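Student: Predicted coordinates and the sequence they were generated for:
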Amino acid sequence: AQSVTQLGSHVSVSEGALVLLRCNYSSSVPPYLFWYVQYPNQGLQLLLKYTSAATLVKGINGFEAEFKKSETSFHLTKPSAHMSDAAEYFCAVSNYNQGGKLIFGQGTELSVKP
Amino acid sequence: KAGVTQTPRYLIKTRGQQVTLSCSPISGHRSVSWYQQTPGQGLQFLFEYFSETQRNKGNFPGRFSGRQFSNSRSEMNVSTLELGDSALYLCASAHDRGSYEQYFGPGTRLTVT
């Protein structure tokens, strides 16, 4: 079975500050890991994915995440927050055998203060 | 290339009724997955279709069903609606089952009264 835990349902940062959104996963097989972003009244947009290649993954909009097997983590970071980053962020897990099935975390709402 | 489209965007139904939601994947994509999003349960996988066949199913009652057509368009149906079915229903498409990049549509907001 697979599961995802996102630590912190709400995170608030100042504009220009580091963004760190935490994600821990559980998987009995090698995982595929994803971060999605959702803006109000919109669907989900893929930020980045890890599918067993490089452990440091760079995504869109300056975001990146590092897969750490020993810590079962896949935290999302961005060096400098922008007002437009305010949204809800979801971490998700899948594996080679699951096709289109994603298991999502509960989400983290990011607020950016001016 | 046009993105994933879902129709209708908003829907209000009464308990006991049934509803059909439609999803058109990105051109060339053959895999379609459906998710339910609620404030309490978050994002939950409903089912996945590929080549007109259901390939994977989440833990939902039989009132939730779906199908996929030869042009990869998909529909999901919910019968005997309950208040708890009020949710945002999201459709995602991928090029094929081995593609791990899923592209989501804007969703259909279903309200059951």
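Tutor: Perfect, I can see it now.
Student: Pass me the low-pLDDT residue ranges in the chain, would you?
Tutor: If you meant another chain, say so; for now it's chain A. For chain A, no stretch has pLDDT under 70.
Student: meant chain B actually
Tutor: For chain B, the stretches flagged by pLDDT under 70 are B:1, B:98-99.
Student: Give me the neighbour count for B:I26.
Tutor: When neighbours are counted by other C-beta atoms under 10 Å in any protein chain shown, B:I26 registers 18. C-beta: built from backbone N, CA, C; applies to glycine.
Student: That one is in contact with B:V32, isn't it?
Tutor: No: with contacts counted by C-beta atoms under 8 Å, B:I26 stays clear of B:V32, the gap being 10.0 Å.
Student: what do those two both touch?
Tutor: B:S93 (C-beta atoms under 8 Å, 6 or more residues apart in numbering or on different chains).
Student: so is the residue positioned nearest the centre of chain B in a helix, a strand, or just coil?
Tutor: In chain B, the residue lying closest to the centroid (C-alpha atoms, centre = their mean) is B:W34, at 3.4 Å. At B:W34 the chain is in strand, as set by DSSP: H, G, I helix; E, B strand; the rest coil.
Student: Name whatever forms a beta bridge with it.
Tutor: For B:W34, the beta-bridge partners are B:F47, B:C91 (DSSP bridges).
Student: need the contact list for it.
Tutor: Counting by C-beta under 8 Å, 6+ apart, B:W34 touches B:C23, B:F45, B:L46, B:F47, B:E48, B:G66, B:S74, B:M76, B:Y89, B:L90, B:C91, B:A92.
Student: where's the nearest residue to B:G58 once chain neighbours are set aside relative to A:V29, distance?
Tutor: Distances taken as C-beta to C-beta, 6 or more residues apart in numbering or on different chains place B:F45 nearest to B:G58, at 4.1 Å, with adjacent residues excluded. Separation of B:F45 from A:V29 (C-beta to C-beta, to the nearest Å) stands at 17 Å.
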